[in-house]
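**Student:** using only what follows, build the 3D model:
(one chain, ligands or ions: 1)
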Amino acid sequence: MTIKTTANALELFQAAQAAQALSYSPYSQFKVGAAIRCDDGSIHSGCNVENAAFPLSQCAEASAIGIMIGSGKTTIKEVLVLSPNDNLCPPCGGCRQKLLEFSSADTLVHMSTASGDITTVTMAELLPYSFDKSDLDRHNLEAVS
Ligand code: THU
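**Tutor:** Numbers count the residues shown, from 1 in each chain. Below is the predicted model of the structure:
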């Protein structure tokens, strides 16, 4: 679902909660919701989608990114990941890389428990020593010089 708003963490929490309720997670029973706020204030949310062939399961963050891209938006200012319990659900390694593609070093990553206790870090803190498109750009520049 996509909501157009000037969002803060509470709005992201509510959007993630609505998405989490739709989680398809019959194998893990671990329902995750994620909500992204873009630079224009729009919010894009998604849930995890599991599969009987376990490695094909998709994380909530990836679902939210898919909705965001399908809405024509590419710049993440904030993202909230909602856990199904009272522990945080830090984005998995693959999702950190997927989020990085559309983030800046100062993009905020909110990790929320089910009851709304939120820990916030920047993208640079979440994924230090990251590999991104600037590494490819540098490589290609060096290759032609
Ligand atoms: N999961 C997410 O949706 N996001 C994460 O960052 C961590 C894990 C999901 C994938 C799977 O459906 C379930 O949680 C258990 O791993």
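
**Student:** buried ones in stretch 116-129?
**Tutor:** 123-124, 126-127 (16 or more other C-beta atoms under 10 Å). C-betas here are computed from N, CA, C, even on glycine.

**Student:** and stretch 10-27, how far from the chain's centre?
**Tutor:** Its chain's C-alpha centre and that of stretch 10-27 lie 12 Å apart, by C-alpha atoms, centre = their mean, to the nearest Å.

**Student:** put the alpha carbons of that stretch into PDB.
**Tutor:** Extracted in PDB, the C-alpha atoms of stretch 10-27 (Å, rounded to 0.1, in the frame of the first residue of the first chain):
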ATOM      1  CA  LEU A  10       4.700   7.200  14.200                       C
ATOM      2  CA  GLU A  11       3.200   7.400  10.700                       C
ATOM      3  CA  LEU A  12       5.800   4.900   9.500                       C
ATOM      4  CA  PHE A  13       5.000   2.700  12.500                       C
ATOM      5  CA  GLN A  14       1.300   2.700  11.600                       C
ATOM      6  CA  ALA A  15       1.900   2.000   7.900                       C
ATOM      7  CA  ALA A  16       4.300  -0.900   8.900                       C
ATOM      8  CA  GLN A  17       1.700  -2.300  11.300                       C
ATOM      9  CA  ALA A  18      -1.000  -2.400   8.500                       C
ATOM     10  CA  ALA A  19       1.400  -4.100   6.200                       C
ATOM     11  CA  GLN A  20       2.600  -6.500   8.900                       C
ATOM     12  CA  ALA A  21      -1.000  -7.700   9.400                       C
ATOM     13  CA  LEU A  22      -0.900  -8.900   5.800                       C
ATOM     14  CA  SER A  23       2.400 -10.800   6.200                       C
ATOM     15  CA  TYR A  24       2.400 -14.300   4.500                       C
ATOM     16  CA  SER A  25       4.600 -16.200   6.900                       C
ATOM     17  CA  PRO A  26       3.100 -19.600   7.500                       C
ATOM     18  CA  TYR A  27       6.500 -21.300   7.900                       C
END
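
**Student:** identify, from the buried residues of stretch 116-129, the entry nearest to Val32.
**Tutor:** Distance to Val32 across the buried residues of stretch 116-129 (C-beta to C-beta) is lowest for Leu126, with 16.1 Å.
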